[in-house]
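> sequence unknown, structure follows:
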């Protein structure tokens, strides 16, 4: 078993928007670049070091348009916020979009971007949507991100997908430290995802290649439990309205910042320090924001 956390600071990622649910389930969920900028700024003030962005167009529909992502990035930086910006490359949940549409978000050149492993079968509004990411496709996009100096966040939904991670490591297509996110509890809408149990999460942690850092994403009611376990196991966490719109059972969260503040409070009660964005950059092997602008 991996050593329990001792000194490494905790990196908190916030994912304030969603590719699935919208304001109809929680009016505080941000849509526009301006709303995203303000929400991320609030979360940064509470202790978030990374912002994982999903974007929406002027009609409030999910989009992969890099221009919209760029506007959101500019809104964040315009608030003198040095949070690490990470773009989602998931295909927007709208008719006709593909995995190649999803990857367009990296055209806005964020510091980091998600890269899902394996195939996904999304069960959404009575339809099954297949995102077929072959290992060849994953390797090609990992190389593209590396060439653009974008650090991939490798998203893993079940233990079999770790084989795609090993392939990237073996072919030296990604650089240490490898940043791997375990998504648990998405089995209700992703046929290739596993449910959350402590044993299931700990087993996946045991599969990490040397030189890895990991983060945990819990969906719905699993978010608080799974991310708290990650803190204890020496991992990091991603929270926010993408995966969970509630503060407690039956009580909508007032804001993404409220969820960040709770995670900070729990971590500190466990004796854990919170990483600033620049501390997280050093941990992840990213250039400092001041250096990247040169």
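Done, it's in. Quantities reported herein were computed from a predicted structural model and do not represent experimental measurements.
> which residues touch residue 204?
Residues counted as contacts of residue 204 (C-beta atoms under 8 Å, 6 or more residues apart in numbering) are 156, 159, 162, 182. Just so you know, the C-beta spots here come from the backbone N, C-alpha and C atoms, and that holds for glycine as well.
> residue contacts, the first one?
Residue 156 sits next to 117, 162, 165, 180, 181, 182, 183, 204 when contact means C-beta under 8 Å, 6+ apart.
> which ones among the residues you listed are found in strands?
180, 181, 182, 183 (DSSP state E).
> Got a PyMOL select line for the buried ones in those?
Here is the PyMOL command that picks out the buried ones among the ones in strands among the contacts of residue 156, judged by 16 or more other C-beta atoms under 10 Å:
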select buried, resi 180+181+182+183
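> So what's the residue count around the residue lying closest to residue 275 once chain neighbours are set aside?
Spatial nearest neighbour of residue 275, excluding adjacent residues (C-beta to C-beta, 6 or more residues apart in numbering): residue 9 at 3.9 Å. Neighbours of residue 9 under the rule other C-beta atoms under 10 Å: 18.
> now swap in residue 13 and tell me
Considering only other C-beta under 10 Å, residue 13 is surrounded by 27 other residues.
> Residue 227 now?
Neighbours of residue 227 under the rule other C-beta under 10 Å: 29.
> which ones are touching it?
216, 217, 218, 237, 238, 239, 263.
> of all these, which two lie farthest apart?
Farthest-apart pair in the contacts of residue 227 is 217 and 263; separation 12.4 Å (C-beta to C-beta).
> overlap in contacts of these two?
Contacts common to residue 217 and residue 263, judged by C-beta under 8 Å, 6+ apart, are 227, 237.
> which SS class is the residue nearest the centre of the chain?
Centroid check for the chain by C-alpha atoms, centre = their mean gives residue 52 as the closest residue, at 5.0 Å. Under DSSP: H, G, I helix; E, B strand; the rest coil, residue 52 falls in the strand class.
> for residue 254, same thing?
coil.
> now it: how far from residue 267?
For residue 254, the distance to residue 267 equals 20 Å [C-beta to C-beta, to the nearest Å].
> Which parts of the stretch 101-250 of the chain are strands?
For the stretch 101-250 of the chain, the strands defined by DSSP state E, counting those that start in this stretch cover 112-116, 120-124, 127-131, 151-156, 178-184, 212-218, 236-239, 246-248.
> Could you export the contacts of residue 227 to a markdown table, including columns for neighbour count, pLDDT and distance to residue 89?
Converted to a markdown table, the contacts of residue 227 look like this (neighbours: other C-beta atoms under 10 Å; pLDDT from 0 to 100; distance: C-beta to C-beta, whole Å):
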| residue | neighbour count | pLDDT | distance to residue 89 |
| --- | --- | --- | --- |
| 216 | 28 | 98 | 20 |
| 217 | 28 | 97 | 15 |
| 218 | 26 | 96 | 21 |
| 237 | 26 | 97 | 20 |
| 238 | 29 | 98 | 15 |
| 239 | 28 | 98 | 20 |
| 263 | 25 | 98 | 24 |
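> Using CSV, lay out the residues you listed together with distance to residue 275.
Rendered in CSV, the data for these read as follows (distance: C-beta to C-beta, whole Å):
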residue, distance to residue 275
216, 16
217, 17
218, 20
237, 12
238, 14
239, 15
263, 12
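> where are the low-confidence patches of the stretch 151-294 of the chain?
Low-confidence segments of the stretch 151-294 of the chain (pLDDT under 70): 292-294.
> The same query, at a cut-off of 50, please.
Residues of the stretch 151-294 of the chain meeting the criterion pLDDT under 50: 294.
> residues contacting the residue nearest to the centre of the chain?
13, 14, 15, 86, 87, 88, 114, 153, 238, 240, 242.
> Likewise for residue 245?
Counting by C-beta under 8 Å, 6+ apart, the residues that residue 245 touches are 21, 25, 26, 29, 252, 253.
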